[in-house]
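Q: When you get a sec, could you give me coordinates for this:
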Amino acid sequence: DPASWNPKTGEIDYNRSGAPLIEIVTEPDFTNSEQVIDWLKQLITTLGYIKAIDKTMGLKADVNVSIDKCARIEIKNINSLKNIRNAIDFEIQRQNKEKPKQQETRMFDESSGKTIKMRSKEQAQDYRFISEPDLPVINIQEKRIIEIKNKLPETPQIKLTKLIKKHKIEKKHAEILTKKIEIIEFFEKVIEQIHPMIAIPWVTIELLGALNYNKKELEDIELDVEHFIELLKLVEKKAITVLKAQEILRRFIPKSFSPKEEAKKHSTISSEKQIHDFVKEVVKQNPKAIEDYKSGQQNALNFLIGQVMKISDKRADFQTVREILKKEIKH
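A: Okay, the predicted model is just below:
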């Protein structure tokens with residue numbers, strides 16, 4: 001990438017100078033802006049799978065728009081998916097109204113939401129292309145192509161299909177899992193030992209939620225998949241509560257640990273007598289919440305359950321708490 005020129009100020013921005021740049025050109029396959037955005041999202045995801053994109057560099061695209069009987073208009077250097085969508089939508093409206101007959105190069109002005117003419121479009125001969133005599137021939141052997149192909153991961157589309165058809169995972173969850181290769185490969189290792197239906201919320205909600213809260217990517221932390229699997233097995237066996245497991249998972253960032261010792265210290269309290277003691281204490285301390293529940297406010301029950309979980313250090317069995325609490329309130 002050599003540099004970018006700001007047509008408003010005439011300044012040249014060298015912030016991306018020297019970064020590897022590959023131009024990817026499509027056929028005129030799109031009929032609206034939504035198709036373009038969907039395709040670009042898939043392209044970005046796929047490039048992320050092979051580590052061929054630098055997320056810190058942002059996005060830069062030239063968009064060509066031409067509707068029936070209008071000249072092709074090129075809009076240069078659009079820098080976000082939102083701006084690409086807006087530029088296409090505006091240009092379609094403009095061409096419907098003005099019916100341009102001459103090719104142009106235009107820019108998108110984000111503040112006004114309009115495309116602005118930069119120059120008339122040159123024809124191929126106007127570029128005065130001169131062949132470069134000193135460029136050597138790049139002879140790529142078939143053997144090398146096969147080697148590279150064998151090292152490539154499955155595409156996001158293949159992984160998506162596999163999750164839906166083989167593992168019977170809902171499309172909305174499968175799409176979340178396949179957005180980043182680190183997440184889907186982590187999930188694939190987890191479901192070797194954990195049922196997919198159990199693993200889905202723990203990866204798509206709990207793990208991704210914890211990463212987002214800490215502004216981290218999975219590759220930024222040291223998360224041993226075996227520690228994650230151990231945690232889910234402890235929940236399956238009811239050795240620890242879901243709330244306690246969520247707390248442990250949050251502590252896996254930035255580096256995970258075996259949760260087995262934590263499970264010994266924070267094992268699930270299933271004793272009805274012990275839970276009943278917690279419940280009586282909470283009922284005594286929260287008379288207003290009791291009255292609210294009796295008057296039909298269901299949220300009051302959730303509040304009371306939360307108070308029991310709090311004084312039990314998130315160790316009380318949730319269902320047992322709920323049942324005993326409802327009985328206690330009726331008395």
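Q: residues contacting the spatially most central residue of the chain?
A: The centre of the chain sits closest to residue 179, judged by C-alpha atoms, centre = their mean, with a distance of 5.4 Å. Neighbouring residues of residue 179 by C-beta atoms under 8 Å, 6 or more residues apart in numbering: 45, 156. Backbone N, C-alpha and C define where each C-beta goes, glycine included.
Q: and it, helix, strand or coil?
A: What DSSP: H, G, I helix; E, B strand; the rest coil gives for residue 179 is coil.
Q: Can you give me the end-to-end span of stretch 119-139?
A: Distance across stretch 119-139, first residue to last, is 39 Å (C-alpha to C-alpha, to the nearest Å).
Q: again, but for stretch 284-303
A: 14 Å.
Q: again with stretch 2-20
A: Note: stretch 2-20 ends 9 Å apart using C-alpha to C-alpha.
Q: can you give me the mean pLDDT across that stretch?
A: Averaged across stretch 2-20, the pLDDT comes to 82.
Q: could you pull out the helices for the stretch 51-200 of the chain?
A: Taking DSSP state H, counting those that start in this stretch as the test, the helices found in the stretch 51-200 of the chain are 81-98, 142-151, 156-165, 171-177, 181-190, 196-201.
Q: Please produce JSON lines containing those helices, extended by distance to residue 12.
A: Shown next, in JSON lines, are these (distance: least, C-beta to C-beta, whole Å):
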{"stretch": "helix 81-98", "distance to residue 12": "21"}
{"stretch": "helix 142-151", "distance to residue 12": "36"}
{"stretch": "helix 156-165", "distance to residue 12": "36"}
{"stretch": "helix 171-177", "distance to residue 12": "40"}
{"stretch": "helix 181-190", "distance to residue 12": "35"}
{"stretch": "helix 196-201", "distance to residue 12": "49"}
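Q: distance of residue 326 from residue 59?
A: 54 Å (C-beta to C-beta, to the nearest Å).
Q: check contacts around the residue lying closest to residue 235 once chain neighbours are set aside.
A: Nearest non-adjacent residue to residue 235, counting by C-beta to C-beta, 6 or more residues apart in numbering: residue 245, 4.8 Å away. The contact partners of residue 245, taken as C-beta under 8 Å, 6+ apart, are 231, 232, 234, 235, 259.
Q: where's residue 245, which helix or strand?
A: helix 242-251 (DSSP states H and E).
Q: Only alpha carbons, please: show that helix as PDB.
A: Taking Å, rounded to 0.1, in the frame of the first residue of the first chain, the C-alpha atoms of helix 242-251 are listed here in PDB:
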ATOM      1  CA  VAL A 242     -23.600 -22.700  37.300                       C
ATOM      2  CA  LEU A 243     -23.000 -19.300  39.100                       C
ATOM      3  CA  LYS A 244     -19.800 -20.500  40.700                       C
ATOM      4  CA  ALA A 245     -18.600 -21.900  37.400                       C
ATOM      5  CA  GLN A 246     -19.300 -18.500  35.700                       C
ATOM      6  CA  GLU A 247     -17.200 -16.900  38.400                       C
ATOM      7  CA  ILE A 248     -14.300 -19.300  37.900                       C
ATOM      8  CA  LEU A 249     -14.500 -18.800  34.100                       C
ATOM      9  CA  ARG A 250     -14.100 -15.100  34.500                       C
ATOM     10  CA  ARG A 251     -10.900 -15.800  36.500                       C
END
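Q: Which helix or strand lies directly C-terminal to it?
A: Counting by DSSP H and E, what follows helix 242-251 is helix 260-265.
Q: Contacts made by that following helix with the rest, please.
A: 230, 234, 239, 240, 244, 248.
Q: Report the buried residues of the helix or strand following it.
A: Counting by DSSP H and E, the next helix or strand C-terminal to helix 260-265 is helix 272-285. Residues of helix 272-285 classed as buried by neighbour count (16 or more other C-beta atoms under 10 Å): 275, 276, 278, 279, 282, 283.
Q: before we move on, what about stretch 263-270?
A: Neighbour-count burial for stretch 263-270 [16+ other C-beta under 10 Å]: 263, 266, 268, 269.
Q: Verify the contact between residue 57 and residue 20 for me.
A: No - in this structure, residue 57 is not within contact of residue 20 by C-beta atoms under 8 Å, at 9.8 Å.
Q: what about the two, which has more around it?
A: Neighbour count, other C-beta atoms under 10 Å: between residue 57 and residue 20, residue 57 has more, with 13 against 8.
Q: Now do the same contact list for that one.
A: So residue 57 contacts 16, 19 (C-beta under 8 Å, 6+ apart).
Q: so what's the nearest residue to residue 66 once chain neighbours are set aside up against?
A: Take residue 66 and drop its neighbours on the chain: the residue closest to it by C-beta to C-beta, 6+ apart is residue 72, 4.1 Å away. If a contact means C-beta under 8 Å, 6+ apart, then residue 72 has 64, 65, 66, 103, 121 as its contacts.
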